[in-house]
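Visitor: Give the three-dimensional model of this entry:
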Amino acid sequence: MHRSIRPCALLTSLSVALGFAGFASTANAQGTTPAPAAIVPPKTGVNETIKPFDGKTLNGWAGHFKHWSVENGEIVGKNTEPVPVSTYLLTEKNYTDFRLTAKVKLVESEMHSGIAFWGRVATEQNDPSTYAGHLVMFPSGWGMYDLYGRNGLPVDGAPAKKVGKQHDWNDLEILAQGNRVRVAVNGVAVVDYIDPEPNRIKAGPIALQLHSNKVPQEVRFKDLVIETFPKEEKLITVK
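Guide: Residues are numbered from 1 along each chain as shown. Reported below is the predicted structural model:
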């Protein structure tokens, strides 16, 4: 059964063809460019394919169910009253290395949503269903964010904007391994980010975001599939 609430520098990255990652905007004091962040190898574990959403209920998830429901085989996050703190629908299981594929859609408002991971439920933020960790955002700017940490991460949202859809379904793939996050949107690689602070990475829930906002919002998710400790160390949906 589902539960209503579950508490649970100069930066450099590498870029890939058709993708992007952030680069330090300035050189160091000696005028030299710092070396790229080291890649932490993928973790090892049991490889399995999980469908965290059964298409009918929110069994296996936790959060404020006043904001989350199921409709036509889709997870719906929605508010009519203001949401003071971004709130999340969280898997009851924790994940480290994974591949997530899903279809995602922003229906109402221009505020981004996103999928969070590698973190924890941040009960100290006055909401027992908010999250501290990494966030892959969609749409409305795209990019990545470190929730209750470093804030915006140095990735460019422009490649995703070229292929993403603002108020329609987007195919999203997130490949999180070691300290590396790769993202594809509608079959195009758009992010290849190496986190230079791997100590921030933790096993945690995968979480769907309903952003803090004063206006009504609606966001939808469907066809979610999680592969743990992926066998293929590359994006699989890229055309």
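
Visitor: gap between Gly73 and Lys222?
Guide: 6 Å (CB to CB, to the nearest Å). Where you see a C-beta, it was placed from the backbone N, CA and C, and this is true even at glycine.

Visitor: Next, show the common contact partners of the two.
Guide: By CB atoms under 8 Å, 6 or more residues apart in numbering, Gly73 and Lys222 have these common neighbours: Gly55.

Visitor: Neighbour count for those two, which is higher?
Guide: Lys222 (17 against 11; other CB atoms under 10 Å).

Visitor: now the helices for this structure?
Guide: Taking DSSP state H, the helices of the chain run over residues 158-163.

Visitor: Output the below-cut-off pLDDT ranges for it.
Guide: Across the chain, the stretches falling below the confidence threshold (pLDDT under 70) are 1-34.

Visitor: how does it look with 80?
Guide: Low-confidence segments of the chain (pLDDT under 80): 1-36.

Visitor: His175 contacts Arg182, correct?
Guide: Slight slip there: residue 175 is Leu, not His. Yes. Leu175 lies in contact with Arg182 (CB atoms under 8 Å); the separation is 4.4 Å.

Visitor: Overlap in contacts, these two.
Guide: Between them, Leu175 and Arg182 share the contacting residues Lys234, Leu235, judged by CB under 8 Å, 6+ apart.

Visitor: which of those two has more neighbours?
Guide: Shown here are Leu175 and Arg182; by other CB under 10 Å, Leu175 has more neighbours (26 against 23).

Visitor: in the sheet, who's paired with that one?
Guide: Arg99, Arg182 (DSSP bridges).

Visitor: Quick check: the gap between it and Trp68.
Guide: Leu175 is 25 Å from Trp68, by CB to CB.

Visitor: Same question for Phe98.
Guide: In this view, Phe98 and Trp68 are 21 Å apart by CB to CB.

Visitor: same check, this time on Val163
Guide: Going from Val163 to Trp68 by CB to CB gives 28 Å.

Visitor: Looking only at neighbour counts, state which of the two leads.
Guide: Legend: neighbour count by other CB under 10 Å for Val163 and Trp68, higher for Trp68 (22 against 17).

Visitor: Which residues are in contact with that one?
Guide: Leu58, Trp61, Ile75, Val76, Gly77, Lys78, Leu89, Leu208, Leu210.

Visitor: What's the local residue count around the first one?
Guide: Residues within reach of Leu58, counting by other CB under 10 Å, total 19.

Visitor: With the third one instead?
Guide: When neighbours are defined as other CB under 10 Å, Ile75 has 22 of them.

Visitor: Relative to Lys51, how far out is the closest residue to it other than its chain neighbours?
Guide: Once flanking residues are discounted, Ile75 sits nearest to Phe221: 4.4 Å by CB to CB, 6 or more residues apart in numbering. Here the distance between Phe221 and Lys51 works out to 12 Å (CB to CB).

Visitor: cool, and Pro42?
Guide: Counting by CB to CB, the gap from Pro42 to Lys51 is 22 Å.

Visitor: between these two, which one's more packed in?
Guide: Pro42 (17 against 11).

Visitor: That one is in contact with Gly178, isn't it?
Guide: Yes. Counting by CB under 8 Å, Pro42 does reach Gly178; the two are 4.9 Å apart.

Visitor: rewinding a little: and which of the contacts of Trp68 is nearest to Lys103?
Guide: Ile75 (10.5 Å; CB to CB).
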